[in-house]
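Asker: following is a predicted model, sequence given first.
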Amino acid sequence: MNEIKVLYDGALALEKKGKHQDAIKYYQEVLKLDLNFRPAYNNMGAIYARMGRQDLSIPCFEKALALGADEAVHFNLGTEYFRKEDLDKAREHLKAALRINQRLLRAHIVLAYLYEKAQLPEKAEIYFKNALTIEPENRIAALGMAVSLSGRGQEERALAVVRSYLSRKPGDETFANLQASLLLATGRTDESRQEFLKLAKSSKDYTSFTDHVRAVRSENQGEFTQMFEGMDKKIAERTRRVLQLRKERAARKAGSDPSLPPEVQAPEEKKQEMKDLMDLSFLHLFQGDSDKALQLLFQAKKLAEEPAANKK
C-alpha cells in the first residue's frame with residue numbers, strides 16, 4: 001500500500017507540472033499493483049480528456065464508474081460523450097449527475113448546449129434557466145440563453161436576459177454590444193444608436209482606431225493629406241447622390257398616388273441609396289468620425305427594413 005501511495009503522489013506531482021505522459025505511466029504502475037484503485041482511472045481519464053482523446057478518456061471514466069458512481073464521473077462521461085457527439089449517452093450521464101446533485105451547475109449548462117445542438121431549444125431553455133437560478137451572473141448560461149432566444153425570433157426575451165446580466169456585470173462589452181444589437185432588432189433604433197455610441201466612446205476596441213485616424217490626420221503629412229482629401233471628395237459625392245435620390249423620390253411621390261408612404265421607392269434606387277449610406281458610413285469612420293459613421297449605418301439599417309415599390 002505504501003508503494004501505491006508513493007506512485008500515486010508522484011503521478012499527482014507530475015500532473016501538476018504538466019508532465020502528463022509521465023503521470024500516466026505512474027498511474028499505470030499504480031493499477032498494476034491494484035486494478036481497483038479508482039482515483040487512478042479518474043485522473044488518467046482527465047488527462048486524456050485534456051488531450052482530446054475521447055477514445056482513451058471514456059474507457060478510463062467507465063472503469064471508474066464501475067468501481068463507484070458519483071456526480072463527477074457521470075459529469076466527466078457526459079462531457080466526453082458530448083465532445084464525441086454521442087448525444088444520447090451524454091444526456092444519460094449528465095442527467096445521472098443531476099440526480100445525485102441537482103445543483104451541479106456545469107451539468108445544467110452542458111445539457112442546455114446539448115439540447116441546442118439537438119435542435120431542441122425549448123428544452124435547452126429549461127437548463128439555461130436552471131443554471132441562471134443557481135448562479136444568476138453565470139456568463140456562459142446568460143449568453144447561451146440570449147443567443148438561443150434571439151435565434152428563435154424572441155428578441156424581447158433575449159434582451160431581458162441581457163439586461164438582467166448587465167445589471168450584475170455592467171462592464172461586459174460583449175453583452176453591451178449584444179444589447180445594442182437586440183434593441184436594433186426590436187425596432188428601438190434611437191436606443192440602439194445611443195448604446196452603440198456609448199460603446200464607441202468608452203470601449204478601447206471601438207475608440208483606438210478612430211483616435212489613431214485623428215492623430216494621423218492632424219499630422220498633415222503629404223501622403224496622408226492626399227488620402228484624406230480624396231475621402232472628403234468621395235463623401236461630398238456620395239452625399240450629393242443620396243440627396244438627389246431623395247429629391248427625386250419626393251418629386252415622384254408628389255405626382256403619384258398620395259396613399260403611398262413617402263418611403264416607398266424602386267428597388268434599384270433603394271439598393272443604390274443603401275450602398276451610398278454604407279459607403280458614407282465607412283468613409284466617416286476612416287476619417288475618425290465614429291458618431292457620424294454610426295448615424296449613417298443606422299439610416300442604412302432603417303432603409304433596409306422599409307418596403308420597396310413593386311415593379312409593374
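Answerer: Right, received. Where do you want to start?

Asker: shaky segments in the stretch 1-150 of the chain?
Answerer: Scanning the stretch 1-150 of the chain with the threshold set as pLDDT under 70 gives 1.

Asker: please disregard the earlier target; I meant the stretch 201-312 of the chain.
Answerer: Using pLDDT under 70, the flagged stretches of the stretch 201-312 of the chain are 201, 203-243, 245-246, 249-267, 274-297, 301, 303-312.

Asker: redo that, cut-off 50
Answerer: Residues of the stretch 201-312 of the chain meeting the criterion pLDDT under 50: 209-210, 212-213, 221-224, 226-228, 260, 262-264, 309-312.

Asker: hey, where'd the helices end up in the stretch 101-250 of the chain?
Answerer: For the stretch 101-250 of the chain, applying DSSP state H, counting those that start in this stretch gives helices covering 105-117, 121-134, 139-151, 155-168, 173-185, 189-202, 204-219, 222-254.

Asker: domains of this protein?
Answerer: 1-68, 213-304 (automatic domain parsing).

Asker: so how far is residue 300 from the closest residue to residue 11 other than its chain neighbours?
Answerer: Among residues not flanking residue 11 along the chain, residue 26 sits closest, at 3.6 Å (C-beta to C-beta, 6 or more residues apart in numbering). Any C-beta I mention is one placed from the backbone N, CA and C, and that applies to glycine too. Distance of residue 26 to residue 300, computed by C-beta to C-beta, to the nearest Å: 63 Å.

Asker: same question for residue 164.
Answerer: 31 Å.

Asker: residue 69 too?
Answerer: 58 Å.

Asker: more neighbours, the two?
Answerer: The neighbour comparison of residue 69 against residue 300 (other C-beta atoms under 10 Å) goes to residue 300, with 17 against 14.

Asker: contacting residues for residue 14?
Answerer: Residue 14 is in contact with 20, 22-23, 26, counting by C-beta atoms under 8 Å, 6 or more residues apart in numbering.

Asker: buried subset of those as a PyMOL selection?
Answerer: Buried residues within the contacts of residue 14, by 16 or more other C-beta atoms under 10 Å, are selected in PyMOL with:
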select buried, resi 20+23+26
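
Asker: okay if I get the contacts of residue 14 as TSV plus distance to residue 36 and secondary structure?
Answerer: Conversion of those to TSV gives the following (distance: C-beta to C-beta, whole Å; DSSP: H, G, I helix; E, B strand; the rest coil):
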residue	distance to residue 36	secondary structure
20	23	helix
22	23	helix
23	20	helix
26	17	helix
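
Asker: nearest to residue 268, of the contacts of residue 14?
Answerer: Among the contacts of residue 14, residue 20 lies closest to residue 268 (C-beta to C-beta), at 62.3 Å.

Asker: and the gap between that closest one and residue 64?
Answerer: 18 Å.

Asker: do the same with residue 4
Answerer: Taking C-beta to C-beta, one finds residue 4 at 16 Å from residue 64.

Asker: the more surrounded of the two?
Answerer: residue 64 (24 against 16).

Asker: how near is the more buried one to residue 54?
Answerer: Distance from residue 64 to residue 54, by C-beta to C-beta: 15 Å.
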